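Trainee: Here you go, sequence then predicted model.
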Amino acid sequence: MAGSSWSACVTWYLGWKAFAKEQRGRGILETILHSKDPTSFSVLLEDTAALTGHDVRAAVKRIKAGIQEKYPRIRRISFDTTTLG
């Protein structure tokens, strides 16, 4: 998971740099609406979603570990983290 997070961070940064060139002093939403190159913002949005997914999955794992630590008799918790990745 760390490798995919790292690659998502790198591509997000590169996407942000390309998007910033498109901005030319405009706001984010205005740039998206008037952009001639949709790949510049679609890469950025896709990588933002990927990084958010990684954060949510990591948070669910921490919550699950905390519950299991506090209540060691619970053997199975119904958080399905496989679908969050």
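Mentor: Thanks, I have it. Numbers count the residues shown, from 1 in each chain.

Trainee: For this protein, give the helix that spans the most residues.
Mentor: helix 38-70 (DSSP state H).

Trainee: buried sites along that one?
Mentor: Neighbour-count burial for helix 38-70 flags 40-41, 43-44, 47, 50-51, 54, 57 (criterion: 16 or more other C-beta atoms under 10 Å). C-betas here are computed from N, CA, C, even on glycine.

Trainee: I'd like the residues you listed as a markdown table, with distance to Ile28 and pLDDT appended.
Mentor: Shown next, in a markdown table, are the buried residues of helix 38-70 (distance: C-beta to C-beta, whole Å; pLDDT from 0 to 100):
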| residue | distance to Ile28 | pLDDT |
| --- | --- | --- |
| Ser40 | 12 | 75 |
| Phe41 | 8 | 78 |
| Val43 | 14 | 80 |
| Leu44 | 9 | 82 |
| Asp47 | 15 | 83 |
| Ala50 | 18 | 81 |
| Leu51 | 17 | 81 |
| His54 | 22 | 79 |
| Arg57 | 26 | 81 |
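
Trainee: where's the residue positioned nearest the centre of the chain relative to Pro72, distance?
Mentor: Closest to where the C-alpha atoms of the chain average out (C-alpha atoms, centre = their mean) is Leu51, at 1.7 Å. Noted for Leu51: a distance of 33 Å to Pro72, by C-beta to C-beta, to the nearest Å.

Trainee: before we move on, what about Thr52?
Mentor: Taking C-beta to C-beta, one finds Thr52 at 31 Å from Pro72.

Trainee: again, but for Val56
Mentor: To Pro72, Val56 is 25 Å away according to C-beta to C-beta.

Trainee: State the three-state secondary structure for the residue of the chain most remote from its centre.
Mentor: Distance to the chain centre peaks in the chain at Arg73, reaching 33.3 Å (criterion: C-alpha atoms, centre = their mean). Of the three states, Arg73 takes coil according to DSSP: H, G, I helix; E, B strand; the rest coil.

Trainee: Kindly report the same for Arg26.
Mentor: On the basis of three-state DSSP, Arg26 is classed as coil.
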